[in-house]
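Trainee: Mind looking at a prediction? Sequence and model below.
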Amino acid sequence: MNANKAFASEYIKVGRISMPIAKQAHVKCADIMIDNRHIEHINKKHKMELDTLGISAMDFVKLIVTTFGEIRQAPNDALDLVTSNTEGKNYVAVVTLNYNYKKKFWEIRTALPVRTAVVKSRKLLWKRERTPIKD
């Protein structure tokens, strides 16, 4: 079996940390990938939250990865991608990533709601600049 085929079937690309964001956050520019066992983990560990939202684990992950507004330093050299705004909310949606040095991409470990106070206690590496809406 071709190694590339095994690689392609094992991981699914759900996004990318772009070069401009990576430079500002001082992290690696790379694709964001998830494999089936992490999707299963999210489904199993966070079923109640997903059912409340009426969303699948994969759609929850994609929603966060495509709309994150902050990158924060998580424990063990991981990164947290945080939904766009932590102000005035008790919980925010977070995807936790670890860089896979062997395969050269960001690997999703989990996605879940996290208390905003916990997220804010972690070092802010990058925040999306808000541009005012013009009339």
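Mentor: Looks like it arrived, so ask away. Numbers count the residues shown, from 1 in each chain.

Trainee: Strands along this structure, start to end?
Mentor: 11-17, 30-35, 70-74, 78-82, 91-100, 105-115, 124-127 (DSSP state E).

Trainee: Any chance you could list what contacts the longest one?
Mentor: Going back to what we said before, that points to strand 105-115. 11, 14, 17, 28, 30-35, 38, 41-42, 45-46, 49, 57, 60-61, 64-65, 78-80, 90-100 (C-beta atoms under 8 Å, 6 or more residues apart in numbering). C-beta: built from backbone N, CA, C; applies to glycine.

Trainee: beta partners for the closest residue to D31 other than its chain neighbours?
Mentor: Spatial nearest neighbour of D31, chain neighbours left out: F105 (4.6 Å); criterion: C-beta to C-beta, 6 or more residues apart in numbering. Per DSSP bridges, the residues bridged to F105 are N100.

Trainee: Let's see the pLDDT reported for F105.
Mentor: Note for F105: predicted pLDDT of 97.

Trainee: ChimeraX command to pick out the buried ones of the contacts of strand 105-115?
Mentor: One line in ChimeraX is enough to select the buried members of the contacts of strand 105-115, burial here meaning 16 or more other C-beta atoms under 10 Å:
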select :11,14,17,30,32,33,34,38,41,42,46,49,57,60,61,64,65,78,79,80,91,92,93,94,95,96,97,99
